[in-house]
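Colleague: Next come a sequence and a model predicted from it.
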Amino acid sequence: MKNSADIIKKVLLTEKGTQLAEEQNKFLFKVSKDANKVEIKRAVEELFNVRVMAVNTMCRKGKKKRQRTAHFGTTSAWKRAVVTLHAEDSINLI
């Protein structure tokens, strides 16, 4: 079994994420690429002591980066999870 801290890498604090948290009680997390929805649900429930209603995930591509030469590279790809909490629960991010 994987460690919860290894599955949830960090909480994403963005404009879209704060709007989702205020209006729909959804929170954004950067998670491990090999984690599935069940593991993400267990990790969030264990780390934040909340009830999770749903988990949606999406794999994000790395962006192209160019240095001053003609050589291109990319940033690493990552996985984002949108976690919907029970109406009575909340995560205090501040």
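Modeller: Perfect, thanks for sending it.
Colleague: Low-confidence regions, this structure specifically.
Modeller: Residues of the chain that meet the criterion pLDDT under 70 lie in 94.
Colleague: Give me the next element, helix or strand, following the longest helix anywhere in it.
Modeller: Longest helix in the chain, counting residues (DSSP state H): helix 37-48. Sequence order places strand 52-60 as the next helix or strand after helix 37-48, per DSSP states H and E.
Colleague: Give me the contact list for whichever helix or strand comes after that next one.
Modeller: Downstream of strand 52-60, the first helix or strand assigned by DSSP H and E is strand 64-66. Residues from elsewhere that reach strand 64-66, judged by CB atoms under 8 Å, 6 or more residues apart in numbering: 72-75. (Glycine included, C-beta is placed from N, CA and C.)
Colleague: Any chance of TSV for these, columns neighbour count, secondary structure and distance to Leu12?
Modeller: Output for the contacts of strand 64-66, formatted as TSV (neighbours: other CB atoms under 10 Å; DSSP: H, G, I helix; E, B strand; the rest coil; distance: CB to CB, whole Å):
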residue	neighbour count	secondary structure	distance to Leu12
Phe72	9	strand	26
Gly73	10	strand	23
Thr74	10	strand	20
Thr75	11	coil	15
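Colleague: among those, which two are most distant?
Modeller: Pairwise distances across the contacts of strand 64-66 (CB to CB) peak at 11.4 Å, for the pair Phe72 and Thr75.
Colleague: I'd like to know how many residues surround the residue nearest to Trp78 when sequence neighbours are not counted.
Modeller: Excluding its sequence neighbours, the residue lying closest to Trp78 (CB to CB, 6 or more residues apart in numbering) is Arg60, at 5.2 Å. Arg60 sits with 13 neighbouring residues when counted by other CB atoms under 10 Å.
Colleague: Contacts only, for Arg60.
Modeller: By CB under 8 Å, 6+ apart, the neighbours of Arg60 are 77-80.
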